[in-house]
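[1] pasting the structure only:
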């Protein structure tokens, strides 16, 4: 899950980014309106967290422009104003959710997760594939009732696969969604993490859920 | 006023009427007196004539003639023709003597007397003669009208006098004393001869008749005294007076009636005038103030959402048009101020909320899971930084609020500006170093002056902070402190991003920040720095000059009036 965080206050952007990353998201930063616009159109983001007070280009203007041009990523607006008009205007212009500063970090994370779920048509926070249960809220994974511990990267990879259940995800897709621009682009990493994942959830269980399509990518399938 | 003048007029009329009545009365009295006196005189004269007629005149003439015949019979037959003439003359005394002896008594018919007395005024009369014949009227009884025959006008042949005499205790009379010679009165002779007046006031005394005193002495004199009872006259006068008083009373009553009528009329007029005036006034005022009502209504419709004065200019009279226009302008300004304040409030809330959000996010993150001490330390440092930013913003807001309220005063003290400058440089150095900015500090050696150091420090810090914040990495800042006679110059120059000419005027506005600054700086100040600089500069009486070129840098110059301590000394030397 890739997130674009558009916030010009460094002291706020830093902890937010760290928090999101610890939650398993890949986060890119933009500190001005033009930077945000450029990145949003090119990158493949699931969610964009947008602060409204931005230099160069205003947040609402960006919002309007993106929706007009057909971008479907979810947008969560951060507003310091808190006035009714801002919220209403933001939502009316195409935002999916809003949060007014100051907010609790947990609330922000929860909302972002909800947006991701929505994006993947998954209303149930618990993803179930066969006997594999992934509680995206509690960050716990069970298979056949047995609790499995995953690292954040593993968890986000598993979640990603689950959100694309029955579909083949290519390595590059995985790469784009799980790693931010600062990571080195070596496709091997994906393979490595698939192997870690398989070790944890497939090795001691039957049937194997994570499947390989040679030349294309990976897939998780439950039936 | 009308009442007063009218009443005074009426009173004047009354007094005139009173005077008139009095005059009338006086005239009547006088007329009555004169009439009575005239009647008295007439009576006296009539009596005198009667006396003359009824005395034995014939007898005397006969006697005279006989005496004349006797005397002249011896002279000749024609002698008695001319004889009477000189005998008359020579025998005048003789005749007098004869008369005196032969007519001691005045005899005349009282009945005839009564019929001839037609005045009927005199109640008392008394006739005295020089030959001691006298007559008294019956009414006198035992009273006597006193007369001194010898002294009463002895030299004159005809003379009368009026006076008032008291006959007795109860009786007071007015009498006329008439002295006449027996032979003076003839039927054709006028009674009123020039000689003496009747004692009436106003008549000039006429020259006395040429009376031969000797002749008068020989003529036998008759003294007629006529008198009437004054009490009767007084009664008459009293009736006159009564009538006069009645008249006056009538006048007074009439006057009162007129006055009250006038008063009533005046009151009625006043009342009506007052009422109509009042109503008219009321109506006029209402009419005049009706457009004011319009204005009031329009004003009452104004509320915080709608600052527009909903009134048409045409419907107002000329007096109210300027008010309406002014009101409209004021409302516009008010609206702008309102909006600005709303904006400012929004800005403040935004500015403070973001550092708060940052702090909260950092702390939340720190507590989410176990971390290394280094991580905690870093997060705490971040929190601290956010706190400091908030503190600075709050301080600036408070300073501006104080300036607005006029609470901030100019607090002068003696200090050295160059030391202050050095302190400020020290404070800004860490921030400058983090951006690798070079600081150049230039100052005149001795800048001891009397001014407000706190405010100057704030000005310097803010300017330097801006210089660092808006500066390019590895740029330079230049602080120069210098003096001119009568003023001090503070110069802060940077090699920063510069200011757009169009924005130059706005940079001193509150909460104004040039957008690109958000990228470069820490966005720690919320756009209040220059506003504060401007506020303090005004307090010091300073002038701020800004020169800037986009992309090159900016120069801020603050010139404020102050006297250097040693400069004042040296100027007196010169």
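    Good, I have the coordinates. Keep in mind that what you see is a predicted model, and the values were worked out from it rather than measured.

[2] what about the helix or strand encompassing residue B:426 and chain A, any contact?
    Following DSSP states H and E, one finds residue B:426 within helix B:417-434. No. Between helix B:417-434 and chain A, judged by C-beta under 8 Å from any C-beta of the partner chain, nothing touches; the nearest distance is 12.6 Å. Every C-beta, even on glycine, is put in place using the N, C-alpha and C of the backbone.

[3] packing partners for that helix?
    Other helices and strands packing on helix B:417-434, by 3 or more C-beta pairs under 8 Å, 6 or more residues apart in numbering or on different chains; DSSP states H and E, are strand B:438-443, strand B:448-451, helix B:453-469, strand B:476-484.

[4] can you rerun that using 10 Å?
    strand B:438-443, strand B:448-451, helix B:453-469, strand B:476-484, strand B:487-494 (3 or more C-beta pairs under 10 Å, 6 or more residues apart in numbering or on different chains; DSSP states H and E).

[5] report how many residues lie close to residue B:399.
    18 (other C-beta atoms under 10 Å in any protein chain shown).

[6] go on, the one 4 residues further on?
    Applying other C-beta under 10 Å, we find 18 other residues in the vicinity of residue B:403.

[7] wait, what's in contact with the nearest residue to it once chain neighbours are set aside?
    Among residues not flanking residue B:403 along the chain, residue B:535 sits closest, at 4.3 Å (C-beta to C-beta, 6 or more residues apart in numbering or on different chains). Applying C-beta atoms under 10 Å, 6 or more residues apart in numbering or on different chains, we find residue B:535 in contact with B:399-400, B:402-404, B:408, B:455, B:458-459, B:508, B:510, B:528.

[8] okay, strands next: where are they in chain A?
    A:2-6, A:26-30, A:47-51, A:74-79, A:97-100, A:126-129, A:132-135, A:140-143, A:146-148, A:210-213, A:217-220 (DSSP state E).

[9] which one of those strands has the lowest average pLDDT?
    Ranked by mean pLDDT, the strands of chain A bottom out at strand A:126-129, with a mean of 80.

[10] same for that one, what does it pack against?
    strand A:132-135, strand A:140-143, helix A:152-163.

[11] just checking: what are the partner strands of that strand?
    strand A:132-135 (antiparallel) (DSSP bridges).

[12] and chain A, split by domain according to the record?
    Domains of chain A are assigned by automatic domain parsing as A:2-119, A:126-220.

[13] quick check: end-to-end length of the last one?
    Across its full length, domain A:126-220 reaches 16 Å between end residues, using C-alpha to C-alpha, to the nearest Å.

[14] same question, the first one
    By C-alpha to C-alpha, the extent of domain A:2-119 from end to end equals 12 Å.

[15] next SSE after the longest helix anywhere in chain B?
    Identified as the longest helix of chain B according to DSSP state H is helix B:230-300. Tracing the chain past helix B:230-300, the next element assigned as helix or strand by DSSP H and E is helix B:321-368.

[16] surely residue B:36 and residue B:174 touch.
    Yes. Using C-beta atoms under 10 Å, residue B:36 is in contact with residue B:174, at 7.0 Å.

[17] give me whichever of the strands of chain A is most buried.
    Mean neighbour count (mean count of other C-beta atoms under 10 Å in any protein chain shown) peaks for strand A:47-51 among the strands of chain A, with a mean of 27.

[18] strand A:26-30 and that one, what's the angle between them?
    For strand A:47-51 against strand A:26-30, the angle by axes from the mean of the first three to the mean of the last three C-alpha atoms, to 10 degrees is 30 degrees.

[19] tell me which residues of stretch B:363-382 are tucked away?
    Using 16 or more other C-beta atoms under 10 Å in any protein chain shown as the test for burial, stretch B:363-382 gives B:363-366, B:379, B:382.

[20] kindly report the same for stretch B:403-418.
    Neighbour-count burial for stretch B:403-418 [16+ other C-beta under 10 Å]: B:403, B:408, B:415-418.

[21] wait, which of the residues you listed is closest to chain A?
    residue B:403 (25.3 Å; C-beta to the nearest C-beta).

[22] pretty sure that closest one sits against residue B:536.
    Yes. Using C-beta under 10 Å as the test, residue B:403 is close enough to residue B:536 to be in contact (7.5 Å).

[23] shared neighbours of these two, anything?
    Shared contacts of residue B:403 and residue B:536, counting by C-beta under 10 Å, 6+ apart, come down to residue B:455.

[24] check which residues of the top helix by length along chain A are buried.
    Across chain A, the longest stretch assigned as helix under DSSP H is helix A:105-119. Across helix A:105-119, burial judged by 16+ other C-beta under 10 Å covers A:105, A:108-109, A:111-117, A:119.

[25] tell me the predicted confidence for residue 179.
    The chain I'm using is chain A. Reported pLDDT for residue A:179: 73.

[26] actually chain B
    For residue B:179, pLDDT reads 78.

[27] mind listing what the closest residue to residue A:110 other than its chain neighbours touches?
    Distances taken as C-beta to C-beta, 6+ apart place residue A:137 nearest to residue A:110, at 7.6 Å, with adjacent residues excluded. Counting by C-beta under 10 Å, 6+ apart, residue A:137 makes contact with A:109-110, A:113-114, A:117, A:125-126.

[28] so among these, where is pLDDT lowest?
    residue A:125 (72).

[29] what's near enough to touch that one?
    Per C-beta under 10 Å, 6+ apart, neighbours of residue A:125: A:110, A:113-114, A:117, A:134-138.

[30] how about the residues you listed, which pair is most distant?
    A:110 and A:134 (16.3 Å; C-beta to C-beta).

[31] A strand includes residue B:127, no?
    Yes. With DSSP: H, G, I helix; E, B strand; the rest coil as the criterion, residue B:127 is part of a strand.

[32] what number of residues are in the vicinity of it?
    Residue B:127, neighbours per other C-beta under 10 Å, totals 22.

[33] one more: residue B:225?
    28.

[34] so residue B:545 sits against residue B:555, correct?
    Yes. Between residue B:545 and residue B:555 there is a contact at 8.0 Å, judged by C-beta under 10 Å.

[35] circling back to that earlier point, is it possible to export the buried residues of stretch B:403-418 to TSV including pLDDT and distance to residue A:23?
    Listed next are the buried residues of stretch B:403-418 as TSV, based on pLDDT from 0 to 100; distance: C-beta to C-beta, whole Å:
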residue	pLDDT	distance to residue A:23
B:403	75	46
B:408	70	49
B:415	85	55
B:416	86	57
B:417	86	55
B:418	87	55
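
[36] a markdown table for these, including distance to residue A:209?
    Formatted as a markdown table, the buried residues of stretch B:403-418 follow (distance: C-beta to C-beta, whole Å):
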| residue | distance to residue A:209 |
| --- | --- |
| B:403 | 69 |
| B:408 | 72 |
| B:415 | 78 |
| B:416 | 79 |
| B:417 | 77 |
| B:418 | 77 |
